[in-house]
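Q: Here's my sequence, what's the structure:
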Amino acid sequence: MSHTQVSTSFWRDSQPDINYPQLQQDITVDVAIVGGGITGLTTALLLQRSGVKVALLEASTLGSGVTGYTTAHLTEVLDTRYKTLLSDFEEDVAQLVAASHRSAIERIADLVVEEQIDCDFQRLPGYLYSESEEDLSTLEAEVEAAHQLGVRATLTSEVPLPFPVKAGIIFPEQAQFHATKYVNGLAKAFVRLGGQIFENTRVLDVAFNSDNARVYTQLNTVNARYVVLATHTPIHDLKRLSELAIFATKVSPYRSYVLGVRLNSPLPQGLFWDTAEPYHYTRTYTDASGELAIIGGADHRTGEMADTEEPYQRLEAYARSRYDVASIDYRWSAQLYEPIDGLPFIGQSPINSQLYLATGFSGNGMTFGTLAAMLIADQILGRKNPWTQLYDANRIKPLASAQQFIAHNVDVATRFIADRFKADAHQLSQVAFDEGKILDIEGKQVAAYRDPEGNIQTLSAVCTHLGCIVEWNIAEKSWDCPCHGGRYSTSGQVLNGPPIEPLEPLS
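A: Now for the predicted structure:
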(Lines give C-alpha, C1' and ligand atoms only; values in the text may rest on other atoms or scores of the structure.)
Protein backbone atom coordinates (compact mmCIF):
# COMPACT_ATOMS: atom_id res chain seq x y z
CA MET A 1 0.00 0.00 0.00
CA SER A 2 1.51 3.31 -1.08
CA HIS A 3 2.12 5.92 1.59
CA THR A 4 0.58 8.51 -0.72
CA GLN A 5 -2.59 6.53 -1.42
CA VAL A 6 -5.67 8.74 -1.22
CA SER A 7 -8.13 7.81 1.55
CA THR A 8 -11.47 6.89 -0.01
CA SER A 9 -14.50 5.37 1.72
CA PHE A 10 -15.98 2.45 -0.20
CA TRP A 11 -19.51 3.56 0.72
CA ARG A 12 -18.96 7.05 -0.66
CA ASP A 13 -17.07 5.83 -3.72
CA SER A 14 -19.66 3.23 -4.72
CA GLN A 15 -22.72 5.51 -4.60
CA PRO A 16 -23.20 8.92 -6.25
CA ASP A 17 -24.49 11.89 -4.27
CA ILE A 18 -28.17 12.67 -4.87
CA ASN A 19 -27.66 16.46 -4.66
CA TYR A 20 -30.12 18.67 -2.81
CA PRO A 21 -30.39 22.48 -3.11
CA GLN A 22 -28.75 25.09 -0.93
CA LEU A 23 -31.06 27.14 1.29
CA GLN A 24 -31.82 30.32 -0.68
CA GLN A 25 -34.63 31.91 1.35
CA ASP A 26 -35.92 32.23 4.90
CA ILE A 27 -38.28 29.39 5.84
CA THR A 28 -40.43 28.40 8.83
CA VAL A 29 -40.78 24.80 10.03
CA ASP A 30 -41.64 22.94 13.21
CA VAL A 31 -38.20 21.35 13.61
CA ALA A 32 -34.82 22.28 12.13
CA ILE A 33 -32.29 19.45 12.09
CA VAL A 34 -28.59 20.25 11.68
CA GLY A 35 -26.60 17.37 10.20
CA GLY A 36 -27.25 14.97 7.31
CA GLY A 37 -25.96 11.66 8.67
CA ILE A 38 -27.85 8.69 10.05
CA THR A 39 -28.93 10.54 13.22
CA GLY A 40 -30.28 13.62 11.45
CA LEU A 41 -31.98 11.78 8.59
CA THR A 42 -33.61 9.16 10.82
CA THR A 43 -34.88 11.87 13.18
CA ALA A 44 -36.20 13.85 10.22
CA LEU A 45 -38.04 10.88 8.75
CA LEU A 46 -39.58 9.76 12.05
CA LEU A 47 -40.87 13.27 12.77
CA GLN A 48 -42.13 13.88 9.22
CA ARG A 49 -44.00 10.56 9.34
CA SER A 50 -45.77 11.87 12.46
CA GLY A 51 -46.99 15.01 10.71
CA VAL A 52 -44.23 17.36 11.89
CA LYS A 53 -42.87 19.85 9.34
CA VAL A 54 -39.09 19.37 9.22
CA ALA A 55 -36.13 20.95 7.42
CA LEU A 56 -32.70 19.31 7.45
CA LEU A 57 -29.57 21.45 7.00
CA GLU A 58 -26.26 19.87 5.96
CA ALA A 59 -23.02 21.85 5.73
CA SER A 60 -21.69 19.62 2.94
CA THR A 61 -23.56 16.69 1.33
CA LEU A 62 -25.66 13.94 2.90
CA GLY A 63 -23.61 11.18 4.48
CA SER A 64 -20.34 13.05 3.99
CA GLY A 65 -19.52 13.02 7.70
CA VAL A 66 -18.90 10.02 9.94
CA THR A 67 -21.84 8.07 8.47
CA GLY A 68 -20.04 7.87 5.14
CA TYR A 69 -16.88 6.53 6.81
CA THR A 70 -18.38 3.83 9.01
CA THR A 71 -17.98 0.07 8.61
CA ALA A 72 -21.75 -0.27 9.16
CA HIS A 73 -21.89 -3.00 11.80
CA LEU A 74 -25.42 -3.15 13.21
CA THR A 75 -24.91 -4.89 16.50
CA GLU A 76 -25.93 -5.15 20.12
CA VAL A 77 -22.29 -6.04 20.91
CA LEU A 78 -21.12 -2.68 22.22
CA ASP A 79 -17.65 -1.18 22.50
CA THR A 80 -18.44 -1.00 26.22
CA ARG A 81 -18.61 -4.68 27.15
CA TYR A 82 -21.61 -6.04 29.04
CA LYS A 83 -19.41 -7.08 31.97
CA THR A 84 -18.27 -3.45 32.24
CA LEU A 85 -21.85 -2.17 32.04
CA LEU A 86 -22.85 -4.44 34.92
CA SER A 87 -19.96 -3.20 37.05
CA ASP A 88 -20.58 0.47 36.25
CA PHE A 89 -24.39 0.56 36.32
CA GLU A 90 -27.29 -1.16 38.05
CA GLU A 91 -28.50 -4.35 36.35
CA ASP A 92 -31.80 -2.82 35.23
CA VAL A 93 -29.91 0.07 33.61
CA ALA A 94 -27.56 -2.30 31.79
CA GLN A 95 -30.58 -4.30 30.59
CA LEU A 96 -32.03 -1.13 29.10
CA VAL A 97 -28.78 -0.47 27.24
CA ALA A 98 -28.83 -3.93 25.66
CA ALA A 99 -32.54 -3.72 24.81
CA SER A 100 -32.15 -0.28 23.25
CA HIS A 101 -29.61 -1.57 20.73
CA ARG A 102 -31.79 -4.50 19.76
CA SER A 103 -34.63 -1.99 19.26
CA ALA A 104 -32.39 0.17 17.05
CA ILE A 105 -31.50 -2.80 14.82
CA GLU A 106 -35.18 -3.70 14.51
CA ARG A 107 -36.13 -0.10 13.71
CA ILE A 108 -33.59 -0.08 10.88
CA ALA A 109 -34.98 -3.39 9.61
CA ASP A 110 -38.54 -1.99 9.73
CA LEU A 111 -37.58 1.21 7.88
CA VAL A 112 -35.85 -0.81 5.16
CA VAL A 113 -39.09 -2.73 4.55
CA GLU A 114 -41.58 0.11 5.07
CA GLU A 115 -39.72 2.63 2.91
CA GLN A 116 -38.43 0.02 0.43
CA ILE A 117 -34.80 1.05 0.95
CA ASP A 118 -32.43 -0.95 -1.25
CA CYS A 119 -29.34 -0.99 0.98
CA ASP A 120 -28.32 -4.68 1.09
CA PHE A 121 -29.57 -5.07 4.66
CA GLN A 122 -28.62 -8.54 5.87
CA ARG A 123 -29.01 -10.51 9.10
CA LEU A 124 -25.92 -12.47 10.13
CA PRO A 125 -24.12 -13.69 13.27
CA GLY A 126 -21.56 -11.67 15.17
CA TYR A 127 -18.43 -13.18 16.73
CA LEU A 128 -16.43 -11.73 19.60
CA TYR A 129 -13.25 -13.82 19.58
CA SER A 130 -9.76 -14.14 21.02
CA GLU A 131 -6.53 -15.43 19.53
CA SER A 132 -5.12 -15.92 23.05
CA GLU A 133 -6.06 -18.43 25.74
CA GLU A 134 -5.48 -15.69 28.29
CA ASP A 135 -8.79 -14.08 27.27
CA LEU A 136 -10.90 -17.20 27.73
CA SER A 137 -12.02 -16.14 31.22
CA THR A 138 -12.92 -12.71 29.80
CA LEU A 139 -15.13 -14.32 27.15
CA GLU A 140 -16.77 -16.60 29.72
CA ALA A 141 -17.55 -13.60 31.92
CA GLU A 142 -18.95 -11.70 28.91
CA VAL A 143 -21.29 -14.59 28.02
CA GLU A 144 -22.51 -14.71 31.60
CA ALA A 145 -23.09 -10.94 31.61
CA ALA A 146 -24.92 -11.13 28.26
CA HIS A 147 -27.26 -13.82 29.60
CA GLN A 148 -27.88 -11.75 32.72
CA LEU A 149 -28.99 -8.88 30.47
CA GLY A 150 -31.19 -11.00 28.22
CA VAL A 151 -28.80 -11.03 25.24
CA ARG A 152 -28.48 -14.26 23.28
CA ALA A 153 -24.85 -15.41 23.31
CA THR A 154 -23.05 -18.77 23.12
CA LEU A 155 -19.42 -19.61 23.89
CA THR A 156 -17.79 -21.52 21.04
CA SER A 157 -14.44 -22.89 19.92
CA GLU A 158 -15.55 -22.69 16.28
CA VAL A 159 -15.10 -19.21 14.81
CA PRO A 160 -15.11 -19.35 10.97
CA LEU A 161 -11.93 -17.38 10.30
CA PRO A 162 -8.91 -18.52 8.25
CA PHE A 163 -6.45 -18.25 11.16
CA PRO A 164 -6.18 -19.84 14.63
CA VAL A 165 -8.74 -18.63 17.16
CA LYS A 166 -8.79 -19.95 20.73
CA ALA A 167 -12.42 -19.18 21.56
CA GLY A 168 -15.29 -16.89 20.74
CA ILE A 169 -18.85 -15.86 21.48
CA ILE A 170 -21.60 -16.15 18.87
CA PHE A 171 -24.23 -13.40 18.94
CA PRO A 172 -27.05 -14.37 16.54
CA GLU A 173 -29.20 -11.99 14.50
CA GLN A 174 -26.82 -9.07 14.15
CA ALA A 175 -26.94 -7.16 10.85
CA GLN A 176 -25.12 -5.06 8.27
CA PHE A 177 -25.98 -2.79 5.34
CA HIS A 178 -24.53 -0.38 2.78
CA ALA A 179 -24.33 2.87 4.74
CA THR A 180 -24.66 5.35 1.86
CA LYS A 181 -27.51 3.45 0.20
CA TYR A 182 -29.34 3.46 3.52
CA VAL A 183 -29.04 7.19 4.24
CA ASN A 184 -29.95 8.00 0.63
CA GLY A 185 -33.05 5.85 1.10
CA LEU A 186 -33.94 7.69 4.31
CA ALA A 187 -33.55 11.01 2.49
CA LYS A 188 -35.79 9.97 -0.41
CA ALA A 189 -38.49 8.75 1.99
CA PHE A 190 -38.28 11.99 4.00
CA VAL A 191 -38.60 14.20 0.91
CA ARG A 192 -41.41 12.04 -0.46
CA LEU A 193 -43.39 12.90 2.70
CA GLY A 194 -42.81 16.64 2.22
CA GLY A 195 -39.56 17.08 4.15
CA GLN A 196 -36.99 19.63 3.00
CA ILE A 197 -33.25 18.98 2.66
CA PHE A 198 -30.70 21.73 2.11
CA GLU A 199 -27.09 20.80 1.36
CA ASN A 200 -24.05 23.11 1.39
CA THR A 201 -25.89 25.08 4.06
CA ARG A 202 -23.65 25.69 7.06
CA VAL A 203 -25.27 26.74 10.33
CA LEU A 204 -23.51 29.74 11.84
CA ASP A 205 -25.61 30.44 14.92
CA VAL A 206 -28.83 29.58 16.75
CA ALA A 207 -30.91 31.97 18.86
CA PHE A 208 -33.88 31.11 21.09
CA ASN A 209 -36.80 33.00 22.56
CA SER A 210 -39.84 31.75 24.45
CA ASP A 211 -41.73 30.79 21.29
CA ASN A 212 -39.23 29.62 18.71
CA ALA A 213 -35.65 29.36 17.51
CA ARG A 214 -33.84 31.12 14.70
CA VAL A 215 -31.19 29.09 12.90
CA TYR A 216 -28.78 31.33 11.01
CA THR A 217 -26.97 29.93 7.97
CA GLN A 218 -24.45 31.64 5.67
CA LEU A 219 -27.29 32.98 3.49
CA ASN A 220 -30.68 32.71 5.18
CA THR A 221 -32.57 31.92 8.36
CA VAL A 222 -34.75 29.00 9.44
CA ASN A 223 -37.44 29.68 12.03
CA ALA A 224 -38.39 26.60 14.05
CA ARG A 225 -40.01 25.51 17.29
CA TYR A 226 -37.23 23.00 18.00
CA VAL A 227 -33.64 22.50 16.85
CA VAL A 228 -31.79 19.17 16.73
CA LEU A 229 -27.97 19.20 16.57
CA ALA A 230 -27.24 15.89 14.83
CA THR A 231 -23.63 16.88 14.16
CA HIS A 232 -21.76 13.99 15.83
CA THR A 233 -20.53 16.41 18.47
CA PRO A 234 -22.37 19.66 19.33
CA ILE A 235 -21.17 22.65 17.30
CA HIS A 236 -20.90 24.72 20.45
CA ASP A 237 -18.73 27.62 19.38
CA LEU A 238 -21.94 29.15 18.07
CA LYS A 239 -22.06 32.51 19.84
CA ARG A 240 -25.28 31.77 21.70
CA LEU A 241 -24.55 28.11 22.49
CA SER A 242 -21.17 28.41 24.20
CA GLU A 243 -22.56 26.57 27.24
CA LEU A 244 -22.50 23.37 25.17
CA ALA A 245 -18.70 23.42 25.54
CA ILE A 246 -19.29 21.21 28.59
CA PHE A 247 -19.76 18.29 26.18
CA ALA A 248 -16.16 18.64 25.03
CA THR A 249 -15.21 17.59 28.57
CA LYS A 250 -17.49 14.52 28.49
CA VAL A 251 -16.23 12.86 25.30
CA SER A 252 -12.76 12.08 23.93
CA PRO A 253 -12.04 12.15 20.17
CA TYR A 254 -10.45 9.10 18.52
CA ARG A 255 -9.65 8.08 14.97
CA SER A 256 -10.22 4.56 13.69
CA TYR A 257 -8.79 3.17 10.45
CA VAL A 258 -10.27 0.90 7.77
CA LEU A 259 -8.99 -1.10 4.80
CA GLY A 260 -11.14 -2.40 1.94
CA VAL A 261 -9.37 -5.63 0.96
CA ARG A 262 -9.88 -8.08 -1.92
CA LEU A 263 -9.05 -11.62 -0.78
CA ASN A 264 -8.10 -14.67 -2.84
CA SER A 265 -10.50 -16.80 -0.78
CA PRO A 266 -13.95 -15.67 0.40
CA LEU A 267 -14.76 -15.17 4.07
CA PRO A 268 -17.85 -16.64 5.77
CA GLN A 269 -20.70 -14.24 6.39
CA GLY A 270 -20.45 -12.58 9.78
CA LEU A 271 -19.35 -9.64 11.86
CA PHE A 272 -16.07 -10.26 13.67
CA TRP A 273 -14.43 -8.40 16.57
CA ASP A 274 -11.31 -9.51 18.43
CA THR A 275 -10.37 -8.78 22.03
CA ALA A 276 -7.14 -6.92 21.22
CA GLU A 277 -6.61 -3.36 22.48
CA PRO A 278 -7.40 -1.50 20.31
CA TYR A 279 -9.56 -4.20 18.78
CA HIS A 280 -9.90 -5.22 15.13
CA TYR A 281 -13.28 -5.51 13.42
CA THR A 282 -14.13 -7.22 10.14
CA ARG A 283 -17.08 -7.73 7.80
CA THR A 284 -17.60 -8.30 4.09
CA TYR A 285 -19.55 -6.70 1.27
CA THR A 286 -20.07 -8.08 -2.24
CA ASP A 287 -20.08 -5.72 -5.22
CA ALA A 288 -19.63 -6.17 -8.97
CA SER A 289 -15.93 -6.87 -8.45
CA GLY A 290 -16.56 -9.61 -5.90
CA GLU A 291 -16.20 -9.78 -2.16
CA LEU A 292 -14.59 -6.92 -0.26
CA ALA A 293 -13.32 -7.60 3.26
CA ILE A 294 -13.70 -4.45 5.35
CA ILE A 295 -11.14 -4.56 8.16
CA GLY A 296 -10.83 -1.87 10.82
CA GLY A 297 -8.78 -1.02 13.90
CA ALA A 298 -5.59 0.80 15.01
CA ASP A 299 -7.57 3.44 16.94
CA HIS A 300 -5.82 6.36 18.64
CA ARG A 301 -6.66 9.72 20.18
CA THR A 302 -7.14 12.36 17.50
CA GLY A 303 -4.05 14.50 17.00
CA GLU A 304 -1.79 12.29 19.12
CA MET A 305 -0.21 10.15 16.37
CA ALA A 306 2.79 11.91 14.83
CA ASP A 307 2.85 9.60 11.79
CA THR A 308 -0.75 8.89 10.79
CA GLU A 309 0.44 6.54 8.06
CA GLU A 310 1.55 4.17 10.83
CA PRO A 311 -2.00 3.00 11.76
CA TYR A 312 -2.64 2.08 8.11
CA GLN A 313 0.67 0.21 8.02
CA ARG A 314 -0.16 -1.70 11.21
CA LEU A 315 -3.62 -2.54 9.89
CA GLU A 316 -2.17 -3.75 6.59
CA ALA A 317 0.36 -5.92 8.45
CA TYR A 318 -2.49 -7.37 10.52
CA ALA A 319 -4.57 -8.11 7.41
CA ARG A 320 -1.71 -9.72 5.48
CA SER A 321 -0.69 -11.89 8.45
CA ARG A 322 -4.17 -13.39 8.76
CA TYR A 323 -5.81 -13.30 5.33
CA ASP A 324 -4.82 -14.23 1.77
CA VAL A 325 -4.76 -10.66 0.44
CA ALA A 326 -5.04 -10.09 -3.31
CA SER A 327 -5.19 -6.29 -3.20
CA ILE A 328 -6.02 -3.36 -0.95
CA ASP A 329 -8.51 -1.26 -2.90
CA TYR A 330 -9.71 1.22 -0.26
CA ARG A 331 -8.60 2.85 2.91
CA TRP A 332 -10.27 5.46 5.07
CA SER A 333 -10.51 6.67 8.64
CA ALA A 334 -13.31 8.01 10.80
CA GLN A 335 -13.73 10.12 13.90
CA LEU A 336 -15.18 8.55 17.05
CA TYR A 337 -16.16 10.21 20.31
CA GLU A 338 -15.72 8.02 23.38
CA PRO A 339 -18.06 9.02 26.25
CA ILE A 340 -16.63 9.13 29.76
CA ASP A 341 -19.04 6.53 31.18
CA GLY A 342 -19.45 4.34 28.10
CA LEU A 343 -22.88 5.66 27.09
CA PRO A 344 -23.73 8.52 24.71
CA PHE A 345 -25.43 11.77 25.64
CA ILE A 346 -28.80 12.06 23.88
CA GLY A 347 -31.84 14.28 24.26
CA GLN A 348 -32.87 17.69 25.50
CA SER A 349 -29.94 20.04 25.99
CA PRO A 350 -29.05 21.39 29.43
CA ILE A 351 -29.19 25.00 28.19
CA ASN A 352 -32.56 25.17 26.42
CA SER A 353 -35.61 22.90 26.28
CA GLN A 354 -36.05 23.68 22.55
CA LEU A 355 -32.63 22.24 21.70
CA TYR A 356 -31.82 18.53 21.31
CA LEU A 357 -28.45 16.87 20.74
CA ALA A 358 -26.66 13.53 20.49
CA THR A 359 -22.96 12.76 20.95
CA GLY A 360 -20.54 10.13 22.25
CA PHE A 361 -21.51 7.16 20.07
CA SER A 362 -18.11 5.43 20.41
CA GLY A 363 -17.75 2.80 17.66
CA ASN A 364 -21.47 2.01 17.53
CA GLY A 365 -22.65 4.98 15.48
CA MET A 366 -25.17 3.22 13.25
CA THR A 367 -27.17 1.81 16.16
CA PHE A 368 -26.63 4.70 18.57
CA GLY A 369 -27.48 7.17 15.79
CA THR A 370 -30.74 5.36 15.11
CA LEU A 371 -31.48 5.03 18.80
CA ALA A 372 -30.83 8.76 19.26
CA ALA A 373 -33.32 9.56 16.50
CA MET A 374 -35.96 7.36 18.11
CA LEU A 375 -35.45 8.97 21.51
CA ILE A 376 -35.33 12.58 20.28
CA ALA A 377 -38.38 12.11 18.04
CA ASP A 378 -40.33 10.72 21.00
CA GLN A 379 -39.29 13.64 23.20
CA ILE A 380 -40.34 16.24 20.63
CA LEU A 381 -43.64 14.42 20.06
CA GLY A 382 -44.29 14.23 23.81
CA ARG A 383 -44.12 10.44 23.97
CA LYS A 384 -42.66 8.52 26.89
CA ASN A 385 -39.45 6.68 26.08
CA PRO A 386 -37.81 4.12 28.41
CA TRP A 387 -34.30 5.36 27.51
CA THR A 388 -34.76 9.07 28.29
CA GLN A 389 -33.01 8.99 31.67
CA LEU A 390 -30.51 6.34 30.58
CA TYR A 391 -28.95 8.57 27.89
CA ASP A 392 -29.89 11.92 29.49
CA ALA A 393 -27.60 14.61 28.05
CA ASN A 394 -27.44 16.29 31.47
CA ARG A 395 -26.20 13.28 33.40
CA ILE A 396 -22.86 12.48 34.96
CA LYS A 397 -22.34 9.28 36.93
CA PRO A 398 -19.21 9.68 39.06
CA LEU A 399 -18.70 5.99 39.87
CA ALA A 400 -18.59 5.07 36.20
CA SER A 401 -16.87 8.11 34.83
CA ALA A 402 -14.94 10.25 37.31
CA GLN A 403 -11.53 8.72 36.60
CA GLN A 404 -11.88 9.00 32.81
CA PHE A 405 -13.38 12.50 33.15
CA ILE A 406 -10.41 13.76 35.17
CA ALA A 407 -7.76 12.04 33.02
CA HIS A 408 -9.23 13.36 29.75
CA ASN A 409 -9.47 16.94 30.95
CA VAL A 410 -6.03 16.96 32.59
CA ASP A 411 -4.63 15.83 29.22
CA VAL A 412 -6.52 18.58 27.39
CA ALA A 413 -5.30 21.23 29.85
CA THR A 414 -1.72 19.99 29.53
CA ARG A 415 -1.82 20.11 25.74
CA PHE A 416 -3.48 23.54 25.77
CA ILE A 417 -0.41 24.95 27.54
CA ALA A 418 2.48 22.76 26.35
CA ASP A 419 1.63 22.80 22.64
CA ARG A 420 1.99 26.58 22.57
CA PHE A 421 5.75 26.15 22.93
CA LYS A 422 6.11 23.41 20.32
CA ALA A 423 7.04 23.79 16.66
CA ASP A 424 8.18 21.47 13.86
CA ALA A 425 10.30 24.14 12.18
CA HIS A 426 10.87 27.90 11.97
CA GLN A 427 11.00 28.70 8.25
CA LEU A 428 8.65 28.16 5.31
CA SER A 429 11.57 26.72 3.34
CA GLN A 430 11.56 23.76 5.75
CA VAL A 431 8.11 22.64 4.57
CA ALA A 432 8.43 20.01 1.83
CA PHE A 433 6.05 19.42 -1.10
CA ASP A 434 2.66 17.99 -0.01
CA GLU A 435 3.62 18.42 3.63
CA GLY A 436 2.29 20.36 6.59
CA LYS A 437 4.24 21.65 9.58
CA ILE A 438 3.65 23.83 12.61
CA LEU A 439 6.08 26.73 12.39
CA ASP A 440 7.14 29.20 15.06
CA ILE A 441 7.41 32.49 13.19
CA GLU A 442 8.17 35.51 15.36
CA GLY A 443 6.56 33.82 18.36
CA LYS A 444 3.36 32.93 16.49
CA GLN A 445 2.39 29.35 15.70
CA VAL A 446 1.60 28.94 12.03
CA ALA A 447 0.06 25.92 10.29
CA ALA A 448 1.89 25.82 6.94
CA TYR A 449 1.13 23.47 4.05
CA ARG A 450 2.97 23.29 0.72
CA ASP A 451 0.88 21.68 -2.04
CA PRO A 452 2.33 19.34 -4.73
CA GLU A 453 2.84 22.35 -7.04
CA GLY A 454 4.86 24.20 -4.40
CA ASN A 455 2.25 26.77 -3.32
CA ILE A 456 2.26 27.59 0.41
CA GLN A 457 -0.93 28.02 2.48
CA THR A 458 -0.38 29.56 5.92
CA LEU A 459 -3.01 29.54 8.65
CA SER A 460 -3.20 30.26 12.34
CA ALA A 461 -2.49 26.99 14.17
CA VAL A 462 -5.02 27.90 16.88
CA CYS A 463 -8.19 25.78 16.71
CA THR A 464 -11.24 28.05 16.48
CA HIS A 465 -13.14 25.86 18.92
CA LEU A 466 -11.45 26.40 22.30
CA GLY A 467 -7.95 27.47 21.29
CA CYS A 468 -5.77 24.34 21.30
CA ILE A 469 -2.96 23.98 18.73
CA VAL A 470 -3.69 21.76 15.73
CA GLU A 471 -1.43 18.94 14.50
CA TRP A 472 -0.63 17.84 10.93
CA ASN A 473 -2.28 14.56 9.87
CA ILE A 474 0.08 13.01 7.32
CA ALA A 475 -2.31 10.31 6.09
CA GLU A 476 -5.45 12.43 5.69
CA LYS A 477 -3.69 15.69 4.74
CA SER A 478 -5.59 17.64 7.39
CA TRP A 479 -5.03 19.77 10.47
CA ASP A 480 -6.38 17.93 13.55
CA CYS A 481 -7.04 19.30 17.03
CA PRO A 482 -5.82 16.87 19.74
CA CYS A 483 -8.04 18.40 22.43
CA HIS A 484 -11.61 17.99 21.18
CA GLY A 485 -11.27 16.46 17.71
CA GLY A 486 -11.87 19.38 15.36
CA ARG A 487 -10.38 18.79 11.91
CA TYR A 488 -9.59 21.23 9.09
CA SER A 489 -8.60 20.97 5.43
CA THR A 490 -5.28 22.32 4.16
CA SER A 491 -7.11 25.55 3.30
CA GLY A 492 -8.46 25.77 6.86
CA GLN A 493 -12.08 24.76 6.18
CA VAL A 494 -13.83 22.69 8.87
CA LEU A 495 -13.93 18.95 8.14
CA ASN A 496 -15.17 17.75 11.54
CA GLY A 497 -16.78 19.65 14.41
CA PRO A 498 -17.05 20.86 17.09
CA PRO A 499 -15.61 24.07 15.51
CA ILE A 500 -17.68 25.87 12.87
CA GLU A 501 -15.24 28.66 12.01
CA PRO A 502 -12.28 27.94 9.68
CA LEU A 503 -8.67 28.42 10.72
CA GLU A 504 -7.62 32.04 10.29
CA PRO A 505 -5.67 32.59 7.05
CA LEU A 506 -2.35 34.38 7.39
CA SER A 507 -0.59 36.43 4.75
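Q: hey, let's count contacts and neighbours off CA atoms from now on
A: Fine.
Q: what about Pro386, how many neighbours?
A: Pro386: 11 surrounding residues under other Cα atoms under 10 Å.
Q: Wasn't it part of a helix?
A: No: the assignment for Pro386 is coil, going by DSSP: H, G, I helix; E, B strand; the rest coil, so no helix is present there.
Q: what's the neighbour count on the residue lying closest to it once chain neighbours are set aside?
A: Among residues not flanking Pro386 along the chain, Leu96 sits closest, at 7.8 Å (Cα to Cα, 6 or more residues apart in numbering). Each residue near Leu96 was counted by other Cα under 10 Å, and the total is 16.
Q: so how far is Met366 from Leu96?
A: 18 Å (Cα to Cα, to the nearest Å).
Q: For the residue nearest to Pro386, which residues are in contact?
A: By Cα atoms under 8 Å, 6 or more residues apart in numbering, the residues touching Leu96 are 386-387, 390.
Q: so it sits in a strand?
A: No: looking at Leu96 with three-state DSSP, it is helix, so not inside a strand.
Q: Chain neighbours aside, what residue packs nearest to Ala175?
A: Closest to Ala175 by Cα to Cα, 6+ apart is Arg123, at 4.3 Å.
Q: give me phi/psi at that neighbour?
A: phi -80, psi 140 (degrees, to the nearest 10).
Q: quick one: the strands in the stretch 201-350 of the chain?
A: For the stretch 201-350 of the chain, the strands defined by DSSP state E, counting those that start in this stretch occupy 203-208, 213-217, 221-224, 226-229, 251-263, 271-274, 281-287, 290-301, 325-339, 345-348.
Q: Any chance of CSV for those strands, columns distance to Gln493, mean neighbour count and mean pLDDT?
A: Output for the strands of the stretch 201-350 of the chain, formatted as CSV (distance: least, Cα to Cα, whole Å; neighbours: other Cα atoms under 10 Å; pLDDT from 0 to 100):
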stretch, distance to Gln493, mean neighbour count, mean pLDDT
strand 203-208, 14, 19, 91
strand 213-217, 16, 21, 96
strand 221-224, 22, 22, 98
strand 226-229, 20, 26, 97
strand 251-263, 19, 24, 93
strand 271-274, 35, 21, 98
strand 281-287, 31, 17, 98
strand 290-301, 21, 21, 95
strand 325-339, 17, 20, 94
strand 345-348, 27, 27, 95
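Q: Quick one: closest of those to Ile105.
A: strand 271-274 (14.3 Å; Cα to Cα).
Q: That closest one pairs with which strands, parallel or anti?
A: Looking at strand 271-274 with DSSP bridges, its partner strands are strand 122-130 (parallel), strand 281-287 (antiparallel).
Q: With distance to Glu471 added, can I get those strands in TSV?
A: Output for the strands paired with strand 271-274, formatted as TSV (distance: least, Cα to Cα, whole Å):
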stretch	distance to Glu471
strand 122-130	35
strand 281-287	27
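Q: Figure out which of those strands is closest to Asp211.
A: That would be, of those and by Cα to Cα, strand 122-130, which comes in at 44.2 Å.
Q: The helix or strand that comes right after the closest one packs against which elements?
A: Toward the C-terminal end, the helix or strand that comes next after strand 122-130 (DSSP states H and E) is helix 136-148. In terms of contacts (3 or more Cα pairs under 8 Å, 6 or more residues apart in numbering; DSSP states H and E), helix 136-148 is packed against helix 82-88, strand 154-156, strand 167-176.
Q: between the longest one and helix 136-148, how big is the angle?
A: Meaning strand 167-176. Here strand 167-176 points in a direction 50 degrees away from that of helix 136-148 (axes from the mean of the first three to the mean of the last three Cα atoms, to 10 degrees).
Q: Show me what strand 167-176 is packed up against.
A: Packing partners of strand 167-176 (3+ Cα pairs under 8 Å, 6+ apart): strand 73-74, strand 122-130, helix 136-148, strand 154-156.
Q: Over to the first one?
A: Of the remaining helices and strands, those touching helix 82-88 by 3+ Cα pairs under 8 Å, 6+ apart are helix 91-114, helix 136-148.
Q: any chance of these in a markdown table, plus distance to Thr80 and mean pLDDT?
A: Formatted as a markdown table, the helices and strands packed on helix 82-88 follow (distance: least, Cα to Cα, whole Å; pLDDT from 0 to 100):
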| stretch | distance to Thr80 | mean pLDDT |
| --- | --- | --- |
| helix 91-114 | 10 | 96 |
| helix 136-148 | 11 | 97 |
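Q: Let's have those in TSV, adding distance to Pro339.
A: TSV is the format used below for the helices and strands packed on helix 82-88 (distance: least, Cα to Cα, whole Å):
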stretch	distance to Pro339
helix 91-114	14
helix 136-148	21
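Q: Figure out which of those is closest to Gly492.
A: Judging the helices and strands packed on helix 82-88 by Cα to Cα, what sits closest to Gly492 is helix 91-114, at 36.3 Å.
Q: Before I go, just wanted to say thanks for your time.
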